[in-house]
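Q: no FASTA, just this:
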């Protein structure tokens, strides 16, 4: 199994950007590239070449699902799972996010100590 | 009219009677003259004729007088009734004009035609029509109902007519200038002798109320979302500090991060509860109801709440008399209800106490009891326990954390799953909360064979 190293995090809130970066880098040992908007994500994707994309759902301008759509249109994402981050969701909403191309949903507020484990689990489920 | 007829009839009787009397007495006079041919006989019969003619005329004029008087009295009475009716309708119009919205009678005849036999002036505000415009034909009203709502309105009227049940509906009216208002209607149907149905009811403008409802909903969801973003950052930052990602903390600092973390969690729960309550009230909460065994859901709830109970040095003990109880539930929602009852029981129990969770088969129901050894529920608080934001806060009870929404949400959730929630408690002797869920019969097709 390929080991997960590079994660692209798309999130508009600077505080959450910092917390997630430390949670994933310091706790999980990943390399995180943070994008503040969907537009930046589209521009930075080829250079960083992430193995997994973590997307906030609600963002001003281009939201998470739209960003994912554009990424899928421009790049081949068959080997790159996308995970949405959003507030407490109902089970039927999770299904609709999955229909939009996400492999899973991480609930906000997330626990920074277990976030990396959760991402790693999603990664290994995706690999199988 | 009638008086003319009476007088012409009596005239006719006068002429006919006079002619008959003349013929009768002429014949009698002729017969008498034949037997005794003298002028005396003729004189006598002529006198008799005159007297009887006079009597006839008197009788008839009397009759006419009496008839006339009767007719006059009748007419006076009729006039009085008319003015009383007019007074009543004026009274109704006066009262109706002071009501918000319109009051009406709506009539549906078996051939499908409809009309508003009575309608207050309020129809001018609701439909921009006059009562006269719809007195014999309801079509102008239906033409103004929002096309998207029209089938709903028509179906609900049909149903109300068929089953003779209360008609009650919120729908939209669209004016010719494109303006849309929300109205609420309510009326009671009555079947008439001719097979038509007559409703009495009212329609009121609720545009303002709908606007406020929408604003409230938007407010709650916006605020909750706006609160969540900083809360995510705060809980994340504190979580990293408390997790000692940046090195070990001095003991007091660790204590402070623990306090901060516990309170962030409390805020999170409050926001979740607020959103849940809002969704439940707006009917927007989705339920994923599936037939399933009850016990695993209860066992999972106990496991998930174990660490919470440990904070209060309380332990849970499960008692089961039937392990094969199948129910139709949304397992996550039932866990939410159980989490509420279990955390309440732990919070209110003295340290070292045991909270008993008892799962039983009771007739056609499964019963889950959560029994604590806490202070119990005071008589004063009992009626309000399932109300929103209710928490007993009398001085003899220690203040406990919580949102005051838990039991209100639990009650709504149980109702949506066809279940019930209730409690027994005597102050000082602990409390027992119970959940009742209808059992699926063992012969049920939805239950897979084990």
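A: That came through, no problem. Being a predicted model, the structure only gives us computed values, none of them experimental.
Q: any idea of the pLDDT on residue 128?
A: I'll assume chain A. Residue A:128 is assigned 83 on the pLDDT scale.
Q: the chain in question should be chain B.
A: Model confidence at residue B:128 (pLDDT) stands at 93.
Q: which residues touch it?
A: B:144, B:175 (CB atoms under 8 Å, 6 or more residues apart in numbering or on different chains). The way it works is simple: take the backbone N, C-alpha and C, and place the C-beta from them, glycine included.
Q: distance of residue B:373 relative to residue A:9?
A: For residue B:373, the distance to residue A:9 equals 48 Å [CB to CB, to the nearest Å].
Q: for the residue nearest to the spatial centre of chain A, which non-adjacent residue is closest in space?
A: Most central in chain A under CA atoms, centre = their mean is residue A:54, positioned 0.6 Å from the mean C-alpha point. Leaving aside its sequence neighbours, residue A:54 sits nearest to residue A:9 (CB to CB, 6 or more residues apart in numbering or on different chains; 4.7 Å).
Q: quick one: that neighbour is in a helix?
A: No - according to DSSP: H, G, I helix; E, B strand; the rest coil, residue A:9 belongs to no helix; its state is strand.
Q: now do the contacts for it.
A: A:17, A:20, A:21, A:24, A:32, A:33, A:34, A:35, A:54.
Q: neighbour-wise, give me the winner out of those residues.
A: residue A:20 (26 neighbours; other CB atoms under 10 Å in any protein chain shown).
Q: give me the three-state assignment for the nearest residue to residue A:36 once chain neighbours are set aside.
A: In space, and not counting its chain neighbours, residue A:36 is closest to residue A:12: 5.9 Å by CB to CB, 6+ apart. Three-state assignment for residue A:12 (three-state DSSP): coil.
Q: contacting residues around residue A:14?
A: By CB under 8 Å, 6+ apart, the neighbours of residue A:14 are residue A:36.
Q: quick one: it from residue A:82, how far?
A: 22 Å.
Q: over to residue B:189?
A: 56 Å.
Q: all strands of chain B, in order?
A: B:102-108, B:114-119, B:167-174, B:180-191, B:197-205, B:290-293, B:315-320, B:326-329, B:354-362, B:365-371, B:420-425, B:431-438 (DSSP state E).
Q: residue A:46 is nearest to which of those strands?
A: If you check each of those against residue A:46 by CB to CB, strand B:290-293 wins as the nearest, at 44.7 Å.
Q: by mean pLDDT, flag the weakest helix or strand of chain A.
A: helix A:91-99 (a mean of 79; mean pLDDT, DSSP states H and E).
Q: packing partners for the helix or strand just after it?
A: Counting by DSSP states H and E, the element after helix A:91-99 in chain order, helix or strand, is strand A:104-108. Using 3 or more CB pairs under 8 Å, 6 or more residues apart in numbering or on different chains; DSSP states H and E, the elements in contact with strand A:104-108 are strand A:82-87, helix A:91-99, helix A:115-127.
Q: which among the ones you listed is found nearest to residue B:133?
A: Proximity to residue B:133 (CB to CB) singles out helix A:91-99 among the helices and strands packed on strand A:104-108, at 47.1 Å.
Q: for the closest one, which positions count as buried?
A: Within helix A:91-99, the residues scored as buried using 16 or more other CB atoms under 10 Å in any protein chain shown are A:93, A:94, A:97.
Q: ok, now which ones touch the one residue sitting closest to the centre of chain B?
A: Most central in chain B under CA atoms, centre = their mean is residue B:168, positioned 7.0 Å from the mean C-alpha point. Listed by CB under 8 Å, 6+ apart, the contact partners of residue B:168 are B:156, B:184, B:185, B:186.
Q: got a quick ChimeraX command for the buried subset of those?
A: In ChimeraX, selecting the buried portion of the contacts of residue B:168, with burial taken from 16+ other CB under 10 Å, looks like this:
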select /B:156,184,185
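Q: from the contacts of residue B:168, pick the one nearest chain A.
A: For the contacts of residue B:168, the closest approach to chain A (CB to the nearest CB) belongs to residue B:156, at 28.4 Å.
Q: for the buried residues of helix A:91-99, give me TSV that also has distance to chain B.
A: Converted to TSV, the buried residues of helix A:91-99 look like this (distance: CB to the nearest CB, whole Å):
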residue	distance to chain B
A:93	8
A:94	11
A:97	14
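Q: low-confidence regions, the chain specifically.
A: No chain was given, so I picked chain A. Scanning chain A for pLDDT under 70 picks out A:88-92.
Q: actually chain B
A: B:1-3, B:389-403, B:442-450.
Q: packing partners for the lengthiest helix in it?
A: Of all segments of type helix in chain B, defined using DSSP state H, the longest is helix B:39-97. If you count contacts as 3+ CB pairs under 8 Å, 6+ apart, helix B:39-97 packs onto helix B:2-35.
Q: may I see the buried residues of stretch B:161-178?
A: Buried positions in stretch B:161-178, judged by neighbour count with 16+ other CB under 10 Å: B:161, B:167, B:169, B:171, B:172, B:173, B:174.
Q: next, format those residues as JSON lines and append distance to residue B:258.
A: As requested, the buried residues of stretch B:161-178 are exported to JSON lines (distance: CB to CB, whole Å):
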{"residue": "B:161", "distance to residue B:258": "66"}
{"residue": "B:167", "distance to residue B:258": "59"}
{"residue": "B:169", "distance to residue B:258": "55"}
{"residue": "B:171", "distance to residue B:258": "55"}
{"residue": "B:172", "distance to residue B:258": "54"}
{"residue": "B:173", "distance to residue B:258": "58"}
{"residue": "B:174", "distance to residue B:258": "59"}
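Q: sounds good, over and out.
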